[in-house]
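*Asks:* 3D, please:
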Amino acid sequence: MEDNTFKKASDILSDATHSIIDSLLIKVGDWTFSDGGFGQLIQIWPDFYEEYDEIPEGKIVGDYKGYCWGIIKYFCEENKTRRNGTCFKRILPNSTPIVEGNKYGYWDMIQKHIKENPERYLAYQKYKPKVLEGHIHIGYSAGPRWGKPEHTKEFFVNLFNKIRKDLPERFTFVDLINVAQKHQCPLKLDKPLPHCYVPTMYITLFYKMGEYQAKRQLFCSLGKYIDFGNHFYDAPR
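*Replies:* Here you go, the predicted model:
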């Protein structure tokens, strides 16, 4: 079976997107840091606007957000090596790697850890992390409060159970919209509520970090739990 652990974004992104990654000052394999420690970047991918985002004026679905995401495989902290671990961080166009001559002494510190812990460094190089997973919540106005007595919690739970069963193993947000339309979902999934409003219900989409199809996030599942807020009523007010 093919090992899809940390499937490289560069394997599935367009030439235009390659140019975004190539233009960055920091590359896969470079040393960097986050709150958890220091390590090497093992994956980078750009982020693009989709229908569920709050898209700023002048931008459209598919436009580059102006930053990428990267996954760091940790090796050490300032005073010690550390157990295997990973995290993801935002990569800006001006983000720079840790290189020899770093004014904060981080390069020398990393090299010192490597020299003093050769076996640990060898294990670090061989270590293949598990795929990191993430999720997003998308909010909508729905339910009896909005003049549809039949749109109860049970209605939406049953509806999304049917939608979930019809989704492929990996799907884009557009795939979800199409399957929802097939099941006559009353929600306009491409019109979620802006963050300044209080939704009456949320859906949750799960994904594996770095899995994209062209400029769209690939999701691996639609959450089984539908979150109904305090403003969802079982009968019209």
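*Asks:* hang on, Ile163 packs against Ile177?
*Replies:* No. Between Ile163 and Ile177 there is no contact under C-beta atoms under 8 Å: 10.2 Å. Yep, even glycine has a C-beta here, placed from its N, CA and C like the rest.
*Asks:* Compare the two and say which is more crowded by neighbours.
*Replies:* A side-by-side neighbour count of Ile163 and Ile177, using other C-beta atoms under 10 Å, places Ile163 first with 19 against 16.
*Asks:* did I read that right, the more buried one in a strand?
*Replies:* No. Remark: Ile163 does not belong to a strand; assigned using DSSP: H, G, I helix; E, B strand; the rest coil, it is helix.
*Asks:* List the contacts of Phe155.
*Replies:* Neighbour list for Phe155: empty [criterion: C-beta atoms under 8 Å, 6 or more residues apart in numbering].
*Asks:* Please read the previous query as pertaining to Glu119.
*Replies:* By C-beta under 8 Å, 6+ apart, Glu119 lies in contact with nothing.
*Asks:* mind checking which helix or strand Gln181 is in?
*Replies:* Secondary-structure assignment from DSSP states H and E places Gln181 in helix 173-182.
*Asks:* Neighbouring strands of the next helix or strand after that helix in the sheet, and parallel or not?
*Replies:* Per DSSP H and E, the first helix or strand lying C-terminal to helix 173-182 is strand 201-213. Applying DSSP bridges, strand 201-213 is found paired with strand 133-140 (antiparallel), strand 216-222 (antiparallel), strand 227-228 (antiparallel).
*Asks:* Could you report the neighbour count for Tyr49?
*Replies:* Other residues within reach of Tyr49, judged by other C-beta under 10 Å, total 17.
*Asks:* Hmm, it is touching Gly66, no?
*Replies:* No. Tyr49 is beyond contact range of Gly66, at 10.1 Å (criterion: C-beta under 8 Å).
*Asks:* Now do the SS call for Ser19.
*Replies:* helix.
*Asks:* can you give me the strands in this protein?
*Replies:* For the chain, strands defined by DSSP state E occupy the ranges 31-34, 37-48, 64-76, 86-91, 133-140, 201-213, 216-222, 227-228.
*Asks:* Minimum distance to Tyr104: which of the ones you listed has it?
*Replies:* Nearest of the strands of the chain to Tyr104, taken as C-beta to C-beta: strand 31-34 at 9.7 Å.
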